[in-house]
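Peer 1: can't give you the sequence, but here's the structure:
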């Protein structure tokens, strides 16, 4: 270690919780020390055993870091006008590297995840992500490439993106695709903008988009962002789109219909061919919400059903991590007549075998910087290649088999409003249990946490009273499914005392959701506590 590095590596970092410059160990301005008795290495027992990072702070503590040397000295004022600079150093906590790492690691152990256990969150498809895909996305040849590098320097990347795009088109039965949208909701908005571009190019000004009441929950918001008015069509007693009600709503002001198939009840729209014909007859387009694509991989394709636009949630179907804020991926594929409107640029194969970027003739423009969340796309590509076409079909078959097995296992313990063969998910209900014993869907979810499982989606879809939307996915073993079924059955047979107290074994106990929504406390002040 050189003298210059030795001199700077141990230098205390500046900033404190109360705005004073650290290094003043005496706390001249009342620096708040770590509370007495709050050790930084403690067992994870009970709900109040882990101090906050602010409570762990102690003046003068720091982590070691190397300072870059040999560069010319400069002041912040040389780059930023003084009026935009802080008058005092930023208030930061002071903890050692060892304590910081231990604190963060303990917090991660308190989080539930798909790597920890079953996560039957209906509609969200929270399934296990193979580590093989993470390994591929971490390869230096992928991570070391700058997004601004010219096509001539990124031919490997572009070949992979082209292959992924072609494969997604094959899976969905579409003609062309864009990989830019960074999430499913972004894919929805992109699809609606494509719908608008198509109608505008054909001299048609349409204002309405039809959405079934069993549709994916983000559809209405996307329709509004796309500048359309939402028109809801009800479900019939089968849990499917009411054809007569749909026909009554179809006119030349309808731009299209957004349809999730299978729908959020886990049921396949048996009349999809008739629906497609009716919408196309008035000049509308069919938009496929790919939230539930996991159920039909390799079995049937949206394009074969008559859809014109398809978005895919790669974080739900193709092993891209889901949750925690992303990054996700929501590619959109379209039929041939819509390909000219896709966001650009898109990767293309040239006649000589090389790859280049091209922008479609009437592109709606970019919907994301650079080329989308590229490393998320690399994960999806590796998942598809590892499984192959036959493997993807087995993914769907396993998901459907698991969901049907679990539905049968819960029969008699919970209401099953649509007790017939389902796809990847199904909806149970505590309506009868609520009436007879006071057990609500939210009570089941909270009590399930004590059994080591994540709660299912509750109170959605809205057309089912006290709904429990359960999706086990194909990645859970029969043993895990049996344990989940036993836990749910035991909960239904339990006592009100246990329901109302749950969860009792988690870091955070029962909370008052209504009060939390009304009196939200989003910030922490290190001097005064929550404020």
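Peer 2: On my side now, so go ahead. All of these numbers come straight from a predicted model, not from anything done at the bench.
Peer 1: hey, where'd the helices end up in the stretch 151-300 of the chain?
Peer 2: Taking DSSP state H, counting those that start in this stretch as the criterion, the stretch 151-300 of the chain contains helices spanning 155-172, 184-201, 219-225, 243-249, 272-281.
Peer 1: Out of these, the one nearest residue 365 is which?
Peer 2: Proximity to residue 365 (C-beta to C-beta) singles out helix 184-201 among the helices of the stretch 151-300 of the chain, at 8.9 Å. Backbone N, C-alpha and C define where each C-beta goes, glycine included.
Peer 1: What is that closest one packed up against?
Peer 2: helix 219-225, strand 254-260, strand 285-290, strand 309-312, strand 332-334 (3 or more C-beta pairs under 8 Å, 6 or more residues apart in numbering; DSSP states H and E).
Peer 1: can you give me the angle the second one makes with strand 285-290?
Peer 2: When you say that, I think you mean strand 254-260. 20 degrees (axes from the mean of the first three to the mean of the last three C-alpha atoms, to 10 degrees).
Peer 1: So which elements touch strand 254-260?
Peer 2: helix 184-201, strand 208-212, helix 219-225, helix 272-281, strand 285-290.
Peer 1: One more: the fourth one?
Peer 2: Counting contacts by 3+ C-beta pairs under 8 Å, 6+ apart, strand 309-312 is packed against helix 155-172, helix 184-201, strand 285-290, strand 332-334.
Peer 1: Please enumerate residues in contact with the shortest one?
Peer 2: Which is strand 332-334. The contact list for strand 332-334, computed with C-beta atoms under 8 Å, 6 or more residues apart in numbering, reads 168-169, 172, 174-178, 181, 187, 190-191, 194, 308-312, 341-342.
Peer 1: strands paired with the helix or strand that it is followed by, and their directions?
Peer 2: Of the helices and strands lying after strand 332-334 in sequence (DSSP states H and E), the nearest is strand 346-349. The sheet places strand 346-349 alongside strand 355-358 (antiparallel), with pairing taken from DSSP bridges.
Peer 1: residues making contact with the partner strand?
Peer 2: Outside strand 355-358, the residues that touch it by C-beta under 8 Å, 6+ apart are 151, 155, 158, 159, 162, 344, 345, 346, 347, 348, 349, 350.
Peer 1: Find the residue closest to residue 136 in space, skipping its chain neighbours.
Peer 2: What sits nearest to residue 136 in space, not counting adjacent residues and going by C-beta to C-beta, 6 or more residues apart in numbering, is residue 382, at 3.8 Å.
Peer 1: count of neighbours near the one you found?
Peer 2: Using other C-beta atoms under 10 Å, residue 382 is surrounded by 23 other residues.
Peer 1: List the buried residues for whichever strand or helix holds it?
Peer 2: Per DSSP H and E: residue 382 is located in helix 374-410. Within helix 374-410, the residues that count as buried by 16 or more other C-beta atoms under 10 Å are 374-385, 387, 392, 395-396, 398-404, 406-407, 409-410.
Peer 1: what's the answer for stretch 259-271, then?
Peer 2: Neighbour-count burial for stretch 259-271 flags 259, 260, 261, 262, 263, 264, 265, 266, 267, 268, 269, 271 (criterion: 16+ other C-beta under 10 Å).
Peer 1: Run through the helices of the stretch 1-150 of the chain in chain order.
Peer 2: 3-9, 53-56, 97-109, 131-137, 140-143.
Peer 1: and residue 424, which of those helices is closest to it?
Peer 2: Residue 424 lies closest, by C-beta to C-beta, to one member of the helices of the stretch 1-150 of the chain: helix 131-137, at 20.2 Å.
Peer 1: burial of the nearest residue to residue 462 once chain neighbours are set aside, as a residue count?
Peer 2: Closest residue in space to residue 462, ignoring its immediate chain neighbours: residue 213 at 7.4 Å, by C-beta to C-beta, 6+ apart. Residue 213: 16 surrounding residues under other C-beta under 10 Å.
Peer 1: Tell me how far residue 213 lies from residue 183.
Peer 2: Distance from residue 213 to residue 183, counting by C-beta to C-beta, to the nearest Å: 24 Å.
Peer 1: In ChimeraX, how would I select the buried members of the contacts of strand 332-334?
Peer 2: Listed next is the ChimeraX selection for buried residues among the contacts of strand 332-334, using 16+ other C-beta under 10 Å:
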select :168,169,172,174,176,177,178,181,187,190,191,194,308,309,310,311,312,341,342
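Peer 1: give me every residue that touches residue 490.
Peer 2: For residue 490, the contact set (C-beta under 8 Å, 6+ apart) comprises residue 451.
Peer 1: helix/strand/coil for it?
Peer 2: helix (DSSP: H, G, I helix; E, B strand; the rest coil).
Peer 1: let's number from 478 now, not from 1
Peer 2: Noted, 478 is the first residue going forward, which turns the last one into residue 967.
Peer 1: gap between it and residue 960?
Peer 2: Relative to residue 960, residue 967 is positioned 11 Å away (C-beta to C-beta).
Peer 1: Over to residue 877?
Peer 2: Distance from residue 877 to residue 960, by C-beta to C-beta: 20 Å.
Peer 1: ditto for residue 985
Peer 2: Distance, residue 985 to residue 960, using C-beta to C-beta: 24 Å.
Peer 1: Pick out whichever of these two has more residues nearby.
Peer 2: Neighbours per residue, other C-beta under 10 Å: of residue 985 and residue 960, the larger number sits with residue 960, 17 against 8.
Peer 1: Give me the angle between the helix or strand hosting the more buried one and helix 851-887.
Peer 2: For residue 960, the element it lies in under DSSP H and E is helix 955-969. For helix 955-969 against helix 851-887, the angle by the same axes, to 10 degrees is 60 degrees.
Peer 1: Which elements pack onto the very next helix or strand once past helix 955-969?
Peer 2: Following helix 955-969 in sequence order, the next helix or strand is helix 973-978 (DSSP H and E). Under the contact definition 3+ C-beta pairs under 8 Å, 6+ apart, helix 973-978 sits against helix 918-927.
Peer 1: Tell me which residues are up against the next helix or strand after the helix it packs on.
Peer 2: Remark: after helix 918-927, the chain's next helix or strand is strand 934-935, criterion DSSP H and E. With C-beta under 8 Å, 6+ apart as the test, strand 934-935 has contacts from 598-601, 918-919, 921-922, 944-948.
Peer 1: what do you get for stretch 590-597?
Peer 2: With C-beta under 8 Å, 6+ apart as the test, stretch 590-597 has contacts from 589, 603-606, 799-800, 929-931, 933, 947-950, 953, 957-958, 961.
Peer 1: what about the stretch 678-827 of the chain, any weak spots by pLDDT?
Peer 2: The stretch 678-827 of the chain contains residues with pLDDT under 70 at 800-803.
Peer 1: again but with the chain, I slipped
Peer 2: The chain contains residues with pLDDT under 70 at 478-526, 543-554, 800-803, 1000-1008.
Peer 1: care to break it down by domain?
Peer 2: Residue ranges for the domains of the chain, per automatic domain parsing: 478-587, 608-615+631-864, 866-995.
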